[in-house]
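Visitor: Have a look at this prediction, sequence included:
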Amino acid sequence: MATSWIVCAIGIIVSLIGWYMTPHAYGYGILGFGLAWIVLGILDMFRSPARSR
């Protein structure tokens, strides 16, 4: 569960960097990459742990 929060936090940081770079072409790519990290971190929170399978 802690790993999911770390992934979300990194995604937020990367998204903010991309947000401030949005007038440039690379800013949109960095923003999308950060948003993908946030979504993957949230999806990982809902997954059942391997030990309980």
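Guide: Good, I have the coordinates.

Visitor: What segments of this structure are helices?
Guide: Using DSSP state H, the helices assigned to the chain run over residues 2-20, 25-46.

Visitor: And for Val14, the neighbour number?
Guide: Other residues lying near Val14 total 19 when counted by other Cβ atoms under 10 Å. All C-beta atoms are positioned from the backbone trio N, CA, C, and that covers glycine.

Visitor: can you check Gly41 too?
Guide: Burial of Gly41 is recorded as 19 neighbouring residues (other Cβ under 10 Å).

Visitor: and what of Ala50?
Guide: Residues near Ala50, counting by other Cβ under 10 Å: 6.

Visitor: Tabulate the helices of the chain (a markdown table), appending mean pLDDT.
Guide: Listed next are those as a markdown table, based on pLDDT from 0 to 100:
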| stretch | mean pLDDT |
| --- | --- |
| helix 2-20 | 94 |
| helix 25-46 | 93 |
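
Visitor: Run through who's touching stretch 37-53.
Guide: Residues from elsewhere that reach stretch 37-53 (Cβ atoms under 8 Å, 6 or more residues apart in numbering): 1, 3-8, 10-12, 14-15.
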